[in-house]
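Pasting the sequence and the predicted coordinates here, then a few questions.
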Amino acid sequence: MEIWISEIIAIGWIFKKLISYVKNRFFRETNWQNESLQQDILEYFKEYYKEVKKLEKKPKNKEIKEVMRELDDKIENLSNENCCLDNFDEKYIRKILDKYKKKWEYGKVFYNFEIKFKSYWSCIVECVENYWDTDWKKMLKERKILNSFLEKNITKLEKWYIDFLMFFFFDDMLDSDTREKIINQNISLVDFKKYIPVTNKFFDKVENRILVK
């Protein structure tokens with residue numbers, strides 16, 4: 001059984017949603033300033049996306065399909081229907097994610113990351129909507145808090161990712177010891193740290209563009 005991470009949560013799908021969110025959330029009322037902001041921020045998204053894709057093409061990624069191989073005999077007992085992606089869409093992902101967050105230990109770290117990220121991003125939204133009267137100190141403070149959280153919890157987020165994939169495909173079929181064993185065996189194959197520099201570069205560009213100091 002071979003499963004590519006990029007086939008499970010496609011980076012392209014994520015960025016389409018981000019771009020759509022930016023356009024619908026930031027630029028409802030057209031004016032020349034917002035037109036300029038829209039052009040520039042969407043360009044930053046495109047640049048960021050290209051840099052992420054370059055990272056995804058590194059040779060190490062060919063090993064990612066080994067992440068789920070350690071399920072041993074449990075995989076053999078699963079029908080193909082369990083891993084069918086025909087109905088894979090945003091609502092389905094959200095449903096599984098919400099269910100996961102209530103059930104497993106590593107869901108908590110993702111939930112906390114979600115809060116920190118949304119807190120920071122809401123400050124960006126405020127700065128865009130109030131272009132000439134931005135609370136940039138609050139935004140930079142939230143950015144610092146987000147960076148600190150990632151620095152302390154990046155390994156837990158990597159473990160969460162493997163744990164979530166197991167939950168996504170096998171629901172609650174795996175006991176806690178089996179899940180922990182699989183996570184420890186495969187944690188070296190997941191590297192979120194490599195995305196931090198390009199993500200920081202993207203946030204820096206957005207902040208420098210929208211801030212009026």
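Cool, the structure landed. Numbering: from 1, shown residues only.

Low-confidence ranges, this protein, go.
Within the chain, the set of residues satisfying pLDDT under 70 comprises 1-31, 57-90, 212-213.

gap between residue 126 and residue 48?
21 Å (C-beta to C-beta, to the nearest Å). Just so you know, the C-beta spots here come from the backbone N, C-alpha and C atoms, and that holds for glycine as well.

what about the two, which has more around it?
Legend: neighbour count by other C-beta atoms under 10 Å for residue 126 and residue 48, higher for residue 48 (20 against 16).

Distance-wise, check that one relative to residue 55.
In this structure, residue 48 and residue 55 are 11 Å apart, going by C-beta to C-beta.

Could you pull out the residues contacting both of those two?
Here residue 48 and residue 55 share the contacting residues residue 198, scored by C-beta atoms under 8 Å, 6 or more residues apart in numbering.

Show me which residues of the longest helix along the chain are buried.
Looking across the chain with DSSP state H, the single longest helix is helix 136-170. For helix 136-170, burial by neighbour count (16 or more other C-beta atoms under 10 Å) applies to 139, 142-143, 146-147, 149-150, 153-154, 156-170.

cool, and stretch 37-49?
Using 16+ other C-beta under 10 Å as the test for burial, stretch 37-49 gives 37-38, 41-42, 44-45, 48-49.

what's the answer for stretch 104-122, then?
For stretch 104-122, burial by neighbour count (16+ other C-beta under 10 Å) applies to 104, 106-107, 109-110, 113, 116, 120-121.

of all these, which comes closest to residue 185?
Nearest to residue 185 out of these is residue 106 (C-beta to C-beta; 15.4 Å).

Now name the helix or strand holding the residue nearest to residue 145 when sequence neighbours are not counted.
In space, and not counting its chain neighbours, residue 145 is closest to residue 116: 6.2 Å by C-beta to C-beta, 6 or more residues apart in numbering. Counting by DSSP states H and E, the element that carries residue 116 is helix 107-129.

outside of that helix, which residues touch it?
With contact meaning C-beta under 8 Å, 6+ apart, helix 107-129 is reached by 25-26, 34, 37, 100-101, 134-136, 138-139, 142-143, 145-146, 149-150, 153, 156-157, 159-160, 163-164, 206-207, 210-211.

Return the distance of residue 127 relative to residue 210.
5 Å.
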